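J.: Generate a structure from the sequence data that follows.
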Amino acid sequence: MEEEELEGEGFDELLRYTVPGYILGLIAGIFLDIQGYQTNPFGQWIVRTLAGEGESILEGLYSIRQHLEGAAGSMAQAYGWGKFFGIAIPWIIDAASRMAGVDVYGIQGFYIPYFYALSDQIGANISGLVYLKRIEGSWSAGIDRYIHHPVMLTSIAVILLVPLGLLSARILGFSPTTQTFTAFETIVANLCWLPPVVGWMVQKGK
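T.: Purely as a prediction, here's the structure:
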């Protein structure tokens, strides 16, 4: 049953959208550093959005395209929709933190790149659970499928483990004091490619 559920879910298409976001974020970071905007807040917003959420924009467009083409619903579409709708959350968290006086370059600001990198992943995880509930007909059955679904399990592992890595890096002295460092921090934290890789590997291994 699990193999049937994963068949044709399109995670291989989602994988195509990750690297362009990384590249655009890194290019933006290098460009802004050259222009002298190493710690410009608006610049960090652009860099983190591209490096952490560039693929989410493209994946959301993929889901919209699939919907407009009348394609049958799939986990990949639900995953893409969830990521698309999670894009604005880190913008709000970032702005509110700066207004509250949080040191966004120090240890206490470790959560900001986390939300840029993974708020879309949280949205995707929730969307995936709702999708499973819909196709199974009840929350209990949907949750049962969720805890046996390799993509969803990988997704929740990423969501829980990445903040520990970011906090550890800040404790050890890392600080995103340039836009290039900002891009690298967000790229390393953005492990949103792992769940689609797992889905793709399961498809290929059948």
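
J.: Any stretches of this protein with poor pLDDT?
T.: Within the chain, the segments meeting pLDDT under 70 span 1-15, 55-86, 205-206.

J.: rerun that using 50 as the cut-off
T.: Counting by pLDDT under 50, the chain shows low-confidence ranges at 1-8, 72.

J.: And the helices in it?
T.: For the chain, helices defined by DSSP state H occupy the ranges 2-6, 11-15, 18-34, 41-68, 75-85, 89-99, 111-136, 139-146, 150-171, 179-189, 194-205.

J.: Dump these to JSON lines, plus mean neighbour count.
T.: C-betas here are computed from N, CA, C, even on glycine. Below are those laid out as JSON lines (neighbours: other Cβ atoms under 10 Å):
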{"stretch": "helix 2-6", "mean neighbour count": "14"}
{"stretch": "helix 11-15", "mean neighbour count": "19"}
{"stretch": "helix 18-34", "mean neighbour count": "19"}
{"stretch": "helix 41-68", "mean neighbour count": "22"}
{"stretch": "helix 75-85", "mean neighbour count": "26"}
{"stretch": "helix 89-99", "mean neighbour count": "15"}
{"stretch": "helix 111-136", "mean neighbour count": "22"}
{"stretch": "helix 139-146", "mean neighbour count": "15"}
{"stretch": "helix 150-171", "mean neighbour count": "17"}
{"stretch": "helix 179-189", "mean neighbour count": "24"}
{"stretch": "helix 194-205", "mean neighbour count": "18"}
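
J.: Can you lay out those as JSON lines showing distance to residue 105?
T.: Shown next, in JSON lines, are the helices of the chain (distance: least, Cβ to Cβ, whole Å):
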{"stretch": "helix 2-6", "distance to residue 105": "42"}
{"stretch": "helix 11-15", "distance to residue 105": "32"}
{"stretch": "helix 18-34", "distance to residue 105": "15"}
{"stretch": "helix 41-68", "distance to residue 105": "10"}
{"stretch": "helix 75-85", "distance to residue 105": "27"}
{"stretch": "helix 89-99", "distance to residue 105": "11"}
{"stretch": "helix 111-136", "distance to residue 105": "10"}
{"stretch": "helix 139-146", "distance to residue 105": "37"}
{"stretch": "helix 150-171", "distance to residue 105": "9"}
{"stretch": "helix 179-189", "distance to residue 105": "10"}
{"stretch": "helix 194-205", "distance to residue 105": "27"}
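
J.: Burial check on residue 104, number of neighbours?
T.: The local packing of residue 104 (other Cβ atoms under 10 Å) involves 20 other residues.

J.: Leaving out the residues flanking it, which one is nearest to it?
T.: Leaving aside its chain neighbours, residue 104 sits nearest to residue 112 (5.7 Å; criterion: Cβ to Cβ, 6 or more residues apart in numbering).

J.: Verify the stated contact: residue 30 with residue 180.
T.: Yes. Look at residue 30 against residue 180 with Cβ atoms under 8 Å: they come within range, at 5.6 Å.

J.: Counting neighbours, what do you get for residue 173?
T.: Residue 173 - counted by other Cβ under 10 Å - has 7 other residues nearby.
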